[in-house]
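Enquirer: turn this into a model:
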Amino acid sequence: MEKVDRSVEKALLLEIKRKNSIAFITEFQRDHRGWMQRLANAYKERGRFGIHLFSIADHYSDMEDKEVALFASLMLAENDSLLLQQQELYNIIGDSPYKNFLCNRRFVELSRGDSQKKLIPKSWTQYHELSNIFSIIYDICAEFGCMEAYIHDYLRNHPYTDPFLALADTFKYAKVTKRKYKLNFLLLILAGTDGMGMGKWHFDGYKLLCPEGKEIIEFLELWFPDFWECGLTFDKAVEAMGLQEPTDLYYAFRGFEALKKVNAVEVRQYCRRYSKHYNDRNLSRLYDLKNMQPKIFFEIK
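Expert: Numbering: from 1, shown residues only. Prediction:
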């Protein structure tokens, strides 16, 4: 009987802990959720936090050229050499990447002879890997007319998938690092209608996925430290944060990382004060949080 009582007691304590945690997260939406949402929205605005992985598409005005440039930039790395890599990629695909580079199959030159082992500067991407991306796009465009038509056809034949999974399946043989992250950004730009979005692709029920990677889980645990102990899944914990879209947690993470570079001291102070309030779980003290909001350095020129 004692073992049973302890089991019931443990389950009851877990339920209390879960309710207290959810209550804190819910009540705190006035301040912290709003701050997180502003971070997410700001990161999705083109150029707000410096050079973007896919900003090479800004070189072009024609939508087909932009699309080719976006897919080519899947091979770029997100690091301090991104600007140099984008410039080199621009030199490779030229002023009219769709007509002159893709349709005329000039990308084949990248996988011939000694050139196939050549690296895009400051990266591990070899020219033959870049050629493989173009080859996939060329084959799709030759059969379907455009990438969007292919994705629509794919979704008709795979009704339980979404555009993200369709792209992931399409490029499963291509050496694209951080596939979930990059394909999320790519879909955001191609299908979105504001911020970075070009509105080129149109999907009913368009959906992005929130990548459940180590960095994202650590970011979630920063604001919801014991969500595992409370019996919540990753998706449920993200939902509890109350952002506009589940993927906004990911974009808030990217904005947060950029914000730390702008002013690491104030960000650390905010995290410490938030952690103290979270650990106290005293909802009567939440009025103090009105004076706790950090500056959001979105206005930096």
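
Enquirer: how near is the spatially closest residue to residue 119 that is not a sequence neighbour to residue 89?
Expert: In space, and not counting its chain neighbours, residue 119 is closest to residue 126: 5.8 Å by C-beta to C-beta, 6 or more residues apart in numbering. For every residue, glycine as well, the C-beta is placed using N, CA and C. From residue 126 across to residue 89, the span is 13 Å (C-beta to C-beta, to the nearest Å).

Enquirer: again, but for residue 22
Expert: Using C-beta to C-beta, residue 22 is found at 46 Å from residue 89.

Enquirer: of the two, who's got more company?
Expert: Between residue 22 and residue 89, residue 89 has the larger neighbour count (other C-beta atoms under 10 Å), namely 22 against 17.

Enquirer: ok, the more buried one - contacts?
Expert: 56, 69, 72, 73, 75, 76, 120 (C-beta atoms under 8 Å, 6 or more residues apart in numbering).

Enquirer: 10 Å instead?
Expert: Shown in contact with residue 89 (C-beta atoms under 10 Å, 6 or more residues apart in numbering): 56, 59, 69, 72-73, 75-76, 97, 120-121, 123, 125, 130.

Enquirer: re earlier: which phi and psi does the residue nearest to residue 119 have?
Expert: For residue 126, the backbone dihedrals (degrees, to the nearest 10) come out as phi -90, psi 160.

Enquirer: pLDDT score for it?
Expert: Looking at residue 126, its pLDDT stands at 89.

Enquirer: what of residue 12?
Expert: On pLDDT, residue 12 comes in at 73.

Enquirer: ok, the one 10 residues further on next?
Expert: pLDDT for residue 22: 73.

Enquirer: buried sites along whatever helix or strand it lives in?
Expert: Element membership of residue 22 [criterion: DSSP states H and E] is helix 2-27. Residues 18, 21, 22, 24, 25 are the ones in helix 2-27 that count as buried (16 or more other C-beta atoms under 10 Å).

Enquirer: show me the contacts for the second one.
Expert: Counting by C-beta under 10 Å, 6+ apart, residue 21 touches 224, 225, 226, 227, 229, 230, 232, 237, 240, 278, 281.
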